[in-house]
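> Below is the sequence, then the predicted model.
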Amino acid sequence: MQIEEKHIDFIEKSLKLYGVQSESLREDLVDHICTYIESQDSHDFNALYQEALQKFGGYASFQNLQLETNMQKFNKERALLNKLKIALGFTMIALLMLGMLFKIQHWPYASAMLVGAILIFILGVLPVLFYAKYKRSIYKFS
């Protein structure tokens, strides 16, 4: 069967309606469904579409794919945030230790290093920590 543009639009809208929000996942699913339908000999689009849905596990399977995609995206973001937290934390600790050493030795720029460490904590570490906590609260997976 030859797929027409109206069929592709119908498939996209139905996938979006049933919970596939990720555009890249939706495009992949539309491509797979269209390829399956085009490989069949029948000319009844509705029957072939239902057959393709059953073959790919139905809408519940698509929602699980969307959930998995969201979890992978969240895990990538979480890994990046953890790296950022570690880098900012080590920078802050290094500046704090150097500032204290400079302060004990009465060397110049001790106060600047201490203030820099405090600023990194206030403007870097705390916002990243709160943002990570916010992201975890959004992606509560059952």
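Structure received.
> what's the spacing between the helix or strand where L101 lies and its chain's center?
L101 belongs to helix 58-105 when assigned by DSSP states H and E. Distance of helix 58-105 from its chain centroid, counting by C-alpha atoms, centre = their mean, to the nearest Å, is 13 Å.
> Give me the helices and strands touching that helix, please.
Applying 3 or more C-beta pairs under 8 Å, 6 or more residues apart in numbering; DSSP states H and E, one finds that helix 58-105 contacts helix 23-39, helix 110-120, helix 126-138. For every residue, glycine as well, the C-beta is placed using N, CA and C.
> Could you dump the ones you listed into a markdown table with mean neighbour count added?
Below are these laid out as a markdown table (neighbours: other C-beta atoms under 10 Å):
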| stretch | mean neighbour count |
| --- | --- |
| helix 23-39 | 15 |
| helix 110-120 | 16 |
| helix 126-138 | 12 |
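> Make JSON lines from the ones you listed and add mean pLDDT to it.
Shown next, in JSON lines, are the helices and strands packed on helix 58-105 (pLDDT from 0 to 100):
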{"stretch": "helix 23-39", "mean pLDDT": "89"}
{"stretch": "helix 110-120", "mean pLDDT": "97"}
{"stretch": "helix 126-138", "mean pLDDT": "91"}
